[in-house]
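[1] Fold the stuff below for me.
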Amino acid sequence: MRVSAGKLKGSGLKVPKGNLTRPTTDLVRQAIFSILENAATSWYRALDLYAGSGALGIEALSRKAEWVDFVDQSKKCCDVIKHNLEKTGLLHKAHIYCCSVNKAIAFLSDNYDLVLMDPPYSDPSVGDVLTTLARSKLVKQDSIVVVCHANRFPLNPTYDGLCLIKQRHYGDTFISIYQEE
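    Next comes the predicted model:
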């Protein structure tokens, strides 16, 4: 897996071994950031939930983001994220939280311009996480929330003030983009 664009274009990224993660394909990452770069909003501060290898957050840092908080509950994934941040020279622009997404949403206190979510496709609780996120202080008026998900768990058009503004699909992967009303 490689960073697809920006300052770090072509940098290789390590992926956790085994079935622990389902890395976001290059095509999907390129599509996400193409959509984001065509939106007129800034994304200075980002949050990468279900971070896995950290590829989405590192892609954000390679492009426009100045800071990314990474969240994953697996110690193995957190170690891989740290390795990838060290390898790309970005460790000073990030923090890794090795805990559940719900726990992180409960204790994080900053506003984020961009929230990236790539949960396991078999996780039916994504809608609940979106509702919790919408009710949190982490998203503000201009925040954008990007969710990668499978069609077998379709998402609602709204979650407590977060409204679907764009949706694309690439094979089994759907990209749903939400913004505060």
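[2] show me where the chain has strands.
    45-49, 67-71, 94-97, 112-117, 139-150, 158-159, 162-170, 173-180 (DSSP state E).
[3] These into a markdown table, with extra columns for mean pLDDT and distance to Ile81?
    In short, each C-beta sits where N, CA and C put it, glycine included. A markdown table is the format used below for the strands of the chain (pLDDT from 0 to 100; distance: least, C-beta to C-beta, whole Å):
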| stretch | mean pLDDT | distance to Ile81 |
| --- | --- | --- |
| strand 45-49 | 97 | 9 |
| strand 67-71 | 98 | 5 |
| strand 94-97 | 98 | 5 |
| strand 112-117 | 95 | 13 |
| strand 139-150 | 91 | 17 |
| strand 158-159 | 95 | 26 |
| strand 162-170 | 92 | 24 |
| strand 173-180 | 91 | 21 |
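[4] To Pro124, which of those lies closest?
    strand 139-150 (10.3 Å; C-beta to C-beta).
[5] Can you give the distance of the closest one from its chain's centre?
    9 Å (C-alpha atoms, centre = their mean, to the nearest Å).
[6] Tell me which residues of it come out buried.
    Using 16 or more other C-beta atoms under 10 Å as the test for burial, strand 139-150 gives 139, 143-150.
[7] What lies in contact with it?
    With C-beta atoms under 8 Å, 6 or more residues apart in numbering as the test, strand 139-150 has contacts from 24, 28, 32, 36, 39, 41, 43, 111-119, 121, 126, 130, 133, 155, 162, 172-180.
[8] Only the buried subset of those, as a PyMOL command please.
    In PyMOL, a selection of the buried entries from those looks like this (16+ other C-beta under 10 Å):
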select buried, resi 24+28+32+36+43+112+113+114+115+116+117+118+119+121+126+130+133+155+162+173+174+175+176+177+178+179
